[in-house]
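Enquirer: dropping the sequence and predicted coords here.
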Amino acid sequence: MKKSTHVQRMDAVDLMRGLAMLWMTVFHFCFDLNQAGYLHQNFYADPLWTWQRTCILSLFLLCAGFSQAIALQQGQSWRQFGRRWAQIAGCALLVTVGSAWMFPHSFIYFGVLHGMAVMLVIVRLTAGWGGWLWPLGALAIATKIIAAYAITTGGKADFLNERMFNWLGLISVKPITEDYVPIVPWLGVMWWGMAAGMWWMAKARSSPPVPRMLNPVVVLGRWSLSYYMLHQPVLLGGLWLWAVF
């Protein structure tokens, strides 16, 4: 396969990613308002908020897997992949440092960017498995439930709840951290995104049309990593200025 020097984007995927980022912004703004005392919600247990987080993260990871299928179909090299991976891993480290300053007792040590850095490598290495990614994705998601039951009833795998191992997601007790995106079950979602992307590329290689009025959201989806890193400092800075003035 001829190696591509530039991976072409699919507007529809960037649109979905951009919508996920906007939804995430609203979610995080409400979280910040809660932290500042303007709201009084339980973001850690109330289904109104926990299910929103699940949906936002699922949409984002589906888009990530789909995008990997597009990149591979267009001949993205490992060098190009590694360049983007290094950006994600570097940003994950910054998130850990920043969250340790803000939340020293619940800092983010394996959040969405940490999880993506690991899962993207796995998805890239398993891309050749084709249609098997569908059942493997289902198995990864089901393993979350199976592992929690096994630990609770058996008791011999409690060590998986410790921080050294809980990045795998094979836990019965959720760790105390502000963002937690372990391999299980979320690898299954990204595998489904990859499988869906491969299916789409095999059936129709053109991107569905996107209304012109939604182009700003498409652009946001193309710059999702930069936006992700900047949106919380901007939101928090705005709240600080509101409180001061």
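Expert: Thanks, I have it. Note that the structure is a prediction, hence the values are computed from the model and not measured.
Enquirer: helix, strand or coil for I108?
Expert: What DSSP: H, G, I helix; E, B strand; the rest coil gives for I108 is coil.
Enquirer: for it, what are its contacts?
Expert: 95-96, 99, 114, 177-180 (C-beta atoms under 8 Å, 6 or more residues apart in numbering). In this view, the C-beta of every residue, glycine as well, is placed from N, C-alpha and C.
Enquirer: rerun that using 10 Å as the cut-off
Expert: With contact set as C-beta atoms under 10 Å, 6 or more residues apart in numbering, I108 has these partners: 92, 95-100, 102, 114, 177-181.
Enquirer: Throw together a PyMOL command that grabs the buried residues out of those.
Expert: Typed into PyMOL, the line below selects the buried ones among the contacts of I108, using 16 or more other C-beta atoms under 10 Å:
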select buried, resi 92+95+96+99+114+177+178+179+180+181
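Enquirer: and Y180, what are its phi and psi?
Expert: phi -140, psi 110 (degrees, to the nearest 10).
Enquirer: picking up where we left off before, the contacts of I108 in helices, which ones?
Expert: Using DSSP state H, the subset of those located in helices is 92, 95-100, 102, 114.
Enquirer: need the residues you listed in a markdown table (columns: distance to A138).
Expert: Compiled in a markdown table, these are given as follows (distance: C-beta to C-beta, whole Å):
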| residue | distance to A138 |
| --- | --- |
| A92 | 27 |
| V95 | 30 |
| T96 | 31 |
| V97 | 36 |
| G98 | 35 |
| S99 | 32 |
| A100 | 36 |
| M102 | 37 |
| H114 | 24 |
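Enquirer: now, the most widely separated pair of those residues?
Expert: M102 and H114 (16.7 Å; C-beta to C-beta).
Enquirer: which strands and helices sit next to the longest helix anywhere in the chain?
Expert: For the chain, the helix with the greatest residue count under DSSP H is helix 47-73. Helix 47-73 sits against helix 11-35, helix 78-102, helix 112-125, helix 133-154, helix 183-203, helix 224-244, with contacts defined as 3 or more C-beta pairs under 10 Å, 6 or more residues apart in numbering; DSSP states H and E.
Enquirer: re the thing from before, and the ones in helices among the contacts of I108 as JSON lines, adding distance to M164 and pLDDT?
Expert: Compiled in JSON lines, these are given as follows (distance: C-beta to C-beta, whole Å; pLDDT from 0 to 100):
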{"residue": "A92", "distance to M164": "18", "pLDDT": "97"}
{"residue": "V95", "distance to M164": "20", "pLDDT": "96"}
{"residue": "T96", "distance to M164": "16", "pLDDT": "97"}
{"residue": "V97", "distance to M164": "20", "pLDDT": "96"}
{"residue": "G98", "distance to M164": "23", "pLDDT": "93"}
{"residue": "S99", "distance to M164": "19", "pLDDT": "94"}
{"residue": "A100", "distance to M164": "17", "pLDDT": "95"}
{"residue": "M102", "distance to M164": "23", "pLDDT": "88"}
{"residue": "H114", "distance to M164": "14", "pLDDT": "98"}
